[in-house]
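J.: just to be clear, the model below is a prediction. Sequence and coordinates:
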Amino acid sequence: MAKRLVIANWKMNGSLALADEMVAGFAAQSNVDVIVVPPAVFVSRLIERAQGSFEVGLQDVSQFDNGAHTGDVSASMAADLGATAAIVGHSERRDEHGESDAVIAAKALKALAAGLMPVICVGESLAERESHQAEARVRAQIEAQIDCLALSGDIAIAYEPLWAIGTGKSASAAEAVAMLKEIRKVLREVAADRADQIRILYGGSVNGENIAGLFSHEEIQGVLVGGASLDTEQFAAIIRAAEKAGPV
Ligand code: PGA
């Protein structure tokens, strides 16, 4: 059995005040893993104040170790601070920064090498879904991670259909479960010996209201939460739902 994983992706939002509010309002849960992922500048503050009551991650890490890469942060720097995870391949990075599957694979490898858990995001656009390309797109995104999947170390995959991110229109539980089953199948093909240890999450307009329906399915081993994670009460409700749903 694995603990469900609840990840807060603040994106480019938040403040020191929100970091402190998050810590003050956090009630530790015994059977849920919680990772808060603020903008990089707030990572230290959260780690210092959280005192281990939840983990803290990065929204992205560089594909390089160090050097002349203005604006980037390396996985080993994040690990040095005490961060434990790094989101890689979020669709906003793919779109706004032109990140390819190859770049994302390099980032995931750097995260793993530094001892961080890469949370590898995959997902199709609305056009791809409507033209029945969703499964092929997601399969290709996972197959591109084959080097990372061959290594030991904790990895999570987050299925985030682009049409559900920030739109208020979550995938239905049935749509999410169908794709998560497909992802598990692909993992068993490309990384047979560890496929069942990799937690697969859903992300896209998850909130305090739809979480119970999503967590009623054992395939949904966790969630990546954007907008609703900025509201400490709503985020607490999502964690409570994970606690209630129990390990999978
Ligand atoms: P959302 O974002 O919950 O605001 O849809 C999810 C994500 O992009 O990780």
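T.: Cool, the structure landed. The model shown is predicted, which means the values in this text are computed figures rather than measured ones.

J.: residues of the chain that sit close to the ligand?
T.: 9, 160, 165-166, 203-206, 224-228 (CB under 6 Å from any ligand atom). Where C-beta positions appear, they are placed from N, C-alpha and C, glycine not excepted.

J.: now, which of the residues you listed lie within strands?
T.: The strands, defined by DSSP state E, take in 9, 203, 224-225 from these.

J.: list the residues that contact residue 121.
T.: 87-91, 158, 160, 203, 224 (CB atoms under 8 Å, 6 or more residues apart in numbering).

J.: quick one: buried residues of the longest helix along the chain?
T.: Assignment by DSSP state H gives helix 173-190 as the longest helix of the chain. Buried positions in helix 173-190, judged by neighbour count with 16 or more other CB atoms under 10 Å: 173, 175-177, 179-180, 182-184, 186-187.

J.: ok, stretch 91-98 next?
T.: If you call a residue buried by 16+ other CB under 10 Å, then stretch 91-98 has these buried ones: 91-94.

J.: hmm, residue 225 is touching residue 205, no?
T.: No. Counting by CB atoms under 8 Å, residue 225 stays clear of residue 205, with 9.3 Å between them.

J.: who's more crowded, the two?
T.: Neighbours per residue (other CB atoms under 10 Å) separate residue 225 from residue 205, with residue 225 holding more: 28 against 20.

J.: report the contact partners of that one.
T.: Contacts of residue 225 by CB under 8 Å, 6+ apart are 6-9, 203, 206-207, 235, 238.

J.: circling back to that earlier point, so which of the buried residues of stretch 91-98 belong to helices?
T.: If you go by DSSP H, the buried residues of stretch 91-98 have 91-94 in helices.

J.: report how many residues lie close to whichever residue of the chain sits closest to the ligand.
T.: Proximity to the ligand, evaluated over the chain using CB to the nearest ligand atom, is greatest for residue 226 at 2.2 Å. Look at residue 226: counted by other CB under 10 Å, it has 23 neighbours.

J.: what's the burial count for the residue lying closest to it once chain neighbours are set aside?
T.: Distances taken as CB to CB, 6 or more residues apart in numbering place residue 9 nearest to residue 226, at 5.1 Å, with adjacent residues excluded. Look at residue 9: counted by other CB under 10 Å, it has 26 neighbours.
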